[in-house]
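1. Fold the following.
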Amino acid sequence: MNYPKIRLSNGQIEADVFLPDAENGYYRDSRFDWSGMIDQIRMGDHTFLCSSEVTHDKNFRASGTAEELCMGILGTPGPLGYDEAKIGGIFIKPGVGVLEKQSDEDYQFEKPYCILQPGAWKVERGTDWVEFIQTIDNVNGWGYCYKKRISLPADKLGVVIARTFENIGEKAIDTTHYCHNFMLLDDEPIGPDYEIRLPFAPAIGDEELFGRVATAENNIVFSEQIPGNDGFAWGSFTGFNPDDNYSFGVVNKKTGTGLHIEGDTPMMRFHLYCQQLMICPEPFVRVKAAPGETFAWQTKYLVQND
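-> Next comes the predicted model:
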């Protein structure tokens, strides 16, 4: 099926971006932000991203720069208004819309929730940029104007995602944002040819790595190929300065291809998820805005080809 999508280009880099569409969009579930999901970044014959459709879970589909606000994992805040909502009541998942609370259980990010009202999107675009705006106003005192602009600057080999989150409601917003970063460099499977290069010495925290992933000085490395047939590795990593803006690179040493990712905000968590055909470094940042305030943050994806 051909999903609504646009292709951005600055003459050197191309980026394919899915458009939010409640009827025909590629992603229409309750977890990820519907806007600005970059399906692929290309430079010549080199490719850098992938889709989660390589998994066997037919109920889970996302691609490339799948972003999520209010994940609600490991003590981080869940969606707006979820805790105070009664069963059958409503809550807000920014980037998605107004959802229905179905039980008294804690919010579970991987569980599908009924979307009562998809948030409307305003979309504007040029040849090398696209901007998405979603506004939700006065839903049980919650309200925001969320803007995301994806651009391919002429002076950079890469993509910039700039976001603003304006609190137009009556209640303070204090939550998290992260990008899943579904990556696959030149279609090469994940294994010892890959490494993640960091500006700090990482320490392994919670993990299900099965001996497949380790640390070496300032790198995260792979001791073996991630197997197929639902094989995976997951872990959280510490060792970073929580006051520093984040920066790291994912490199395939065999092909010399890499993607350097940097943000202009401090990182509060760092996770890694891998399968045979995806490597997903996930930086979490805090998004905080009192009524009337705006929080802004951006991420750069810079292409490397040694």
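
2. where in this structure is pLDDT low?
-> Across the chain, the ranges flagged by pLDDT under 70 are 53-60.

3. let's see it at 50
-> 55-59 (pLDDT under 50).

4. Domains of it: list them as residue ranges, please.
-> 5-179, 188-279 (automatic domain parsing).

5. Pull up the distance across the shortest one, start to finish.
-> Right, the one you point to is domain 188-279. The first residue of domain 188-279 is 11 Å away from its last residue (Cα to Cα, to the nearest Å).

6. Quick one: closest of the domains of the chain to Val303.
-> With Cβ to Cβ as the measure, domain 5-179 is the member of the domains of the chain nearest Val303 (4.5 Å). In short, each C-beta sits where N, CA and C put it, glycine included.

7. Span of that closest one from start to end?
-> First residue to last in domain 5-179 (Cα to Cα) measures 19 Å.

8. so how far is it off the chain centroid?
-> 8 Å (Cα atoms, centre = their mean, to the nearest Å).

9. re the thing from before, possible to save the domains of the chain as JSON lines with distance to Asp306 and mean neighbour count?
-> Output for the domains of the chain, formatted as JSON lines (distance: least, Cβ to Cβ, whole Å; neighbours: other Cβ atoms under 10 Å):
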{"stretch": "domain 5-179", "distance to Asp306": "11", "mean neighbour count": "18"}
{"stretch": "domain 188-279", "distance to Asp306": "4", "mean neighbour count": "17"}
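
10. Need those domains in TSV (columns: distance to Pro291).
-> Below are the domains of the chain laid out as TSV (distance: least, Cβ to Cβ, whole Å):
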stretch	distance to Pro291
domain 5-179	5
domain 188-279	21
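
11. So which of those is nearest Ala296?
-> Here domain 5-179 is closest among those (Cβ to Cβ), at 4.7 Å.

12. So which residues make contact with stretch 191-202?
-> Outside stretch 191-202, the residues that touch it by Cβ atoms under 8 Å, 6 or more residues apart in numbering are 185, 188, 215, 217-226, 237-241, 244, 247-255, 270, 272, 279, 281.

13. rerun at 7 Å
-> Outside stretch 191-202, the residues that touch it by Cβ atoms under 7 Å, 6 or more residues apart in numbering are 215, 217-226, 237, 239-241, 247-254, 279, 281.

14. what about it, how long is it end to end?
-> 19 Å.

15. Repeat that for stretch 241-261.
-> Its start and end residues considered, stretch 241-261 measures 17 Å (Cα to Cα).

16. Could you do stretch 214-234 as well?
-> Per Cα to Cα, stretch 214-234 runs 11 Å from first to last residue.

17. quick one: contacts of that stretch?
-> Residues contacting stretch 214-234 (Cβ under 7 Å, 6+ apart): 56, 189-192, 194-202, 204, 207-213, 272-276.

18. Go again with 6 Å.
-> Contacts of stretch 214-234 from elsewhere in the structure, counted by Cβ atoms under 6 Å, 6 or more residues apart in numbering, are 190-192, 194-198, 201-202, 208-209, 212-213, 273-276.

19. Now the residue nearest the centre of the chain. Nearest residue, chain neighbours left out?
-> By Cα atoms, centre = their mean, the chain has its centre lying nearest to Cys179, at 1.7 Å. Leaving aside its sequence neighbours, Cys179 sits nearest to Glu67 (Cβ to Cβ, 6 or more residues apart in numbering; 4.8 Å).

20. what does Leu184 give?
-> Spatial nearest neighbour of Leu184, excluding adjacent residues (Cβ to Cβ, 6+ apart): Cys50 at 3.7 Å.

21. The helix or strand hosting Val160 pairs with which strands, parallel or anti?
-> Assigned by DSSP states H and E, Val160 belongs to strand 158-167. Paired strands of strand 158-167, with direction, are strand 142-151 (antiparallel), strand 294-305 (antiparallel) (DSSP bridges).

22. Kindly present the ones you listed as JSON lines, with separate columns for distance to Leu19.
-> What follows is the strands paired with strand 158-167, written out as JSON lines (distance: least, Cβ to Cβ, whole Å):
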{"stretch": "strand 142-151", "distance to Leu19": "11"}
{"stretch": "strand 294-305", "distance to Leu19": "19"}
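
23. Burial check on the residue nearest to Asn252 when sequence neighbours are not counted, number of neighbours?
-> Of all residues not flanking Asn252 in the chain, Leu185 sits nearest, at 4.1 Å (Cβ to Cβ, 6+ apart). The number of residues packed near Leu185 is 24, by other Cβ atoms under 10 Å.

24. And the residue nearest to Leu184, how far from Leu185?
-> 9 Å (Cβ to Cβ, to the nearest Å).
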